[in-house]
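[1] Prediction below, plus the sequence it came from.
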Amino acid sequence: MLDIKYIRENPEDVKKRLLTRGDTFGIDKVRELDEKRRALIKETESLKEERNRVSREIGKLKKEGKPAETLIKQMQQVAARIKRLDDEVARCEEALHSLLLEIPNLPHPDVPVGKDATENVVVRTHGEPPEFGFTPREHVALGEMLDIIDFERASKLSGARFSLMKREGALLERALINFMLDLHTSEHGYTEVFPPFMTRSDTFVGTGQLPKFKEDLFKIEAMEYYLVPTAEVPVTNIHREEILREEELPILYTAYTPCFRREAGSYGKETKGLIRVHQFNKVELVKFTTPESSYEELESLTSNAEEVLKRLGLHYRVVALCTGDLGFSAAKTYDIEVWLPSQGRYMEISSCSNFEDFQARRANIKYRPKGGGKPRFVHTLNGSGLAVGRTIVAILENFQTEDGSVIVPEVLRPYMRGLEKIEKKG
RNA sequence: GGAGGGUUAGCCUAAUUGGUAAGGCAGCGGUCUUGAAAACCGCCGGGCUUACGCCCUUGGGGGUUCGAGUCCCUCACCCUCCGCCA
């Protein structure tokens, strides 16, 4: 959520920056409601002052046994006016609030201006695409050939966009989760958490998925709960409605969760395989920082995610999203894209963002500055470190050999009983 | 699922029949001190205001009342007991 005070004082700057996302998102309407609200509040406050003052007098008179009927009559009128005005204020505030909840974050001034993904900017590239002396197979064929992914039976259970991992496939899934969590906790300083996989709707408002993106989520029918589409939701909301101490910042969390996504509006796109599914595993990185250090923390968070790919030996690049491709809550985002030999292109495997105080304002997460002073909103960040399913796609495709077997990256072998190669069974 | 008890500011704790949130700790600033502690003074939930001051704030929402921490309804969470359960 944007700061209403900032909008009031810098309306042109806000509009200009929002326009780089393609719209002004009703900022003029916001300003109109804000002014109306302030005028109404002024009026009710002076009436409330009168009511409080006279009510105290009435109390005094009653104590002294003196009559107060005239004043009480007067105050009945005043109370009625207050009620009418308060209702109007409430309606005004509700309208204003729901407008504000649907306005995306302001892009950071560094973010390249552009209309869509084609205008994202490559920041750096690591490694080289592997060379094959044969035509590389795509992951679906490899998974089925090796009998480690069973898409057919998965769809018997749950329909399209699900997977059934099997044998070395299931082991690889589990190995990757453990490898990533171990790396981030023991070398990058993150604290491991294991959150609930379904949460109340207000946590989704806190991180920005609700109210605007309801159609992306799975809702629990029995209760007002949703399945998490990313660990960002439960983990960022750990500190909702809290005031942290500056001394404990930055707070770094890493969490494994499954992620559940409706993928509405992507019918017909990548219907097969592990790339776009309704349920996938992900290890997430989440940070709470001061405003002064959040952009440094974004760089280190991104490099923490990159380290996973480096150790696996996968070729990738980092791109800075342009304004038109930026997610709703983000001020700045780096996507990490891994090389996909079968398609000769890069595929998003991590998205690392600084939300500045956008989520903190929605979720009311503050910190008390060192040496006292008023609480300020923290800055929140998160990034995938990494999406496990897509990492499996990359491993299968990049480390395949001509006979269809797949070399297991060395760093994963301790997590896979020393297995060096996934081979076709007799 | 059933019964009962609770939620007051960062933390802890008060508030006669309803009369407008009292105090302590922690923290910050100051006096004093070689320095520190102690003691003393001030600040110490949010908003508006140049200022004086005003409004809001007792888990959330609603109601009764001139006036609600206090009475009523409702929701959430915590604790205890019973039932059920991996």
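    All right, it came through fine.
[2] Tell me, how many residues neighbour the residue in the stretch 201-350 of chain A positioned nearest to RNA strand B?
    Closest to RNA strand B within the stretch 201-350 of chain A is residue A:243: 5.0 Å, counting by Cβ to the nearest atom of the strand. All C-beta atoms are positioned from the backbone trio N, CA, C, and that covers glycine. Using other Cβ atoms under 10 Å, residue A:243 has 13 neighbouring residues.
[3] got the contact list for the helix or strand containing it?
    Using DSSP states H and E, residue A:243 sits in strand A:242-245. With contact meaning Cβ atoms under 8 Å, 6 or more residues apart in numbering, strand A:242-245 is reached by A:251, A:288, A:365-368, A:375, A:378.
[4] can you redo those as CSV with pLDDT and distance to RNA strand B?
    Below are these laid out as CSV (pLDDT from 0 to 100; distance: Cβ to the nearest atom of the strand, whole Å):
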residue, pLDDT, distance to RNA strand B
A:251, 93, 16
A:288, 95, 16
A:365, 90, 13
A:366, 89, 9
A:367, 88, 11
A:368, 84, 7
A:375, 86, 6
A:378, 92, 15
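[5] Could you list the residues of chain A in contact with RNA strand B?
    Counting by Cβ under 7 Å from any atom of the strand, chain A comes close to RNA strand B at A:5, A:44-46, A:48-49, A:51-56, A:58-59, A:62-63, A:72, A:75-76, A:78-79, A:90, A:243, A:371-372, A:374-375.
[6] now, which of the contacts of strand A:242-245 sits nearest residue A:211?
    Relative to residue A:211, the closest of these is residue A:365; by Cβ to Cβ it sits at 19.2 Å.
[7] ok so, going back, what does the pLDDT read for the residue of the stretch 201-350 of chain A closest to RNA strand B?
    pLDDT recorded at residue A:243 is 85.
[8] neighbours around the residue of the stretch 1-150 of chain A found nearest RNA strand B, how many?
    Closest contact between the stretch 1-150 of chain A and RNA strand B, by Cβ to the nearest atom of the strand, is at residue A:55 (2.4 Å). Counted with other Cβ under 10 Å, residues neighbouring residue A:55 total 16.
[9] Next one: the nearest residue to residue A:323 once chain neighbours are set aside relative to residue A:238, how far apart?
    Counting by Cβ to Cβ, 6 or more residues apart in numbering, residue A:323 lies nearest to residue A:20, which is 3.8 Å off, once chain neighbours are set aside. Separation of residue A:20 from residue A:238 (Cβ to Cβ, to the nearest Å): 32 Å.
[10] quick one: the helices in chain A?
    A:4-9, A:11-19, A:27-63, A:69-101, A:139-145, A:151-158, A:168-186, A:201-207, A:232-236, A:294-312, A:358-363, A:388-398 (DSSP state H).
[11] Name the residues of the first one that are buried.
    By neighbour count, with 16 or more other Cβ atoms under 10 Å as the criterion, the buried positions of helix A:4-9 are A:4, A:7.
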